[in-house]
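Trainee: Fold the following, please.
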Amino acid sequence: MSGARIEHLVTSGTFSLDGGTWDVDNNVWIVGDDTEVIVVDAAHDADAIARAVGDRRLTAVVCTHAHNDHIDAAPALAALTGAPVLLHPDDLPLWKQTHPDREPDGELADGQVVTVAGVDLTVLHTPGHAPGAVCLYAPALSALFSGDTLFAGGPGATGRSYSHFPTIVDSIRERLLTLPGDTVVHTGHGDTTTVGTEAPHLQEWIDRGF
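Mentor: Numbers count the residues shown, from 1 in each chain. From the prediction side, this is the model:
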C-alpha cells in the first residue's frame, strides 16, 4: 500500500469577481508522501503552503478552477518550488483576470491522470461553477477533490460570470454522484462530505435552483 496521504491547510484572503470582493477561507490540499506531493489549489499564502510542503518535491500545483481565491498564490508557489501550474484551458479567461502576465505551465484535460507518490488522480472536467472547473478523483485514497463544484450541502455557486446552474448539476450528476458512495469529498471551502451523503439530495437542489 502506498504511503500517500492527504494533508489539509486553511488559508485566508479574498475572492473578487464581477466588481465585488468577499473575505474567504480556502482549503488547500496536499497529496503525497514523505518524498513528493502535489498541491490542489494554491490559495492566498504561498509561503504557508511552501512551509507545509517542507523539503518534499512539489511535482505540480493543480488548479481546480481559476477564481482568484484558488489561484492567487500559484505563481509565487511555483517560483518558490519550481513546480508547474496546471489548469484546464477553458478557465484561461478567469486566470487572466488575476494573472494577466503569467500563463499556466500546463493544461488539464478530462481523463488525464496525475500521479504522485504512487497514487493516480484522474481529472474530471466538471464545468458549471466555472467553465474549466475540474475535480480530481483518487480511488486508492477513496478521495475526491471537488474544488467549488460540490460542497457539503450542495453545488457550488452559479450566480456570477462564467457560471451556469444546469451545467453544474449535470456535472455533479454524471461525473461525481456515480462514484462510490464512501468517496470522501474534499472541498474548496468548508467541511468534507461524502458522495453518499450528497447523492440523495440531487433533486432537492434542482427544485430549489440552488
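
Trainee: Output the lowest mean pLDDT helix or strand found in the chain.
Mentor: The weakest-scoring helix or strand in the chain, judged by mean pLDDT, DSSP states H and E, is helix 202-208 (a mean of 87).

Trainee: in it, what counts as buried?
Mentor: Applying a neighbour-count criterion of 16 or more other Cβ atoms under 10 Å, one finds residue 205 buried in helix 202-208. (Each C-beta comes from the backbone N, C-alpha and C, glycine too.)

Trainee: Is residue 4 in contact with residue 120, as I believe?
Mentor: No: contact criterion Cβ atoms under 8 Å: residue 4 and residue 120 do not qualify, at 10.2 Å.

Trainee: joint contacts of these two?
Mentor: Common neighbours of residue 4 and residue 120, using Cβ atoms under 8 Å, 6 or more residues apart in numbering, are residue 140.

Trainee: Same drill for those two, tell me which one is more crowded.
Mentor: Legend: neighbour count by other Cβ atoms under 10 Å for residue 4 and residue 120, higher for residue 4 (20 against 14).

Trainee: backbone phi and psi for the more buried one, please?
Mentor: phi -70, psi 150 (degrees, to the nearest 10).

Trainee: Relative to residue 14, how far out is it?
Mentor: Distance of residue 4 to residue 14, given as Cβ to Cβ, to the nearest Å: 32 Å.

Trainee: Kindly report the same for residue 119.
Mentor: Taken as Cβ to Cβ, the span from residue 119 to residue 14 is 32 Å.

Trainee: Equivalent analysis for residue 155, please.
Mentor: When residue 155 is compared with residue 14 (using Cβ to Cβ), they lie 22 Å apart.

Trainee: just checking, residue 3 touches residue 116?
Mentor: No: between residue 3 and residue 116 there is no contact under Cβ under 8 Å: 11.4 Å.

Trainee: Those two: who's more crowded?
Mentor: Taking neighbours as other Cβ under 10 Å, residue 3 and residue 116 compare with residue 116 leading, 23 against 11.

Trainee: Quick check: whatever residue is furthest in space from the centre of the chain vs residue 169, distance?
Mentor: Distance from the centre of the chain peaks at residue 207, with 26.2 Å (Cα atoms, centre = their mean). Going from residue 207 to residue 169 by Cβ to Cβ gives 11 Å.
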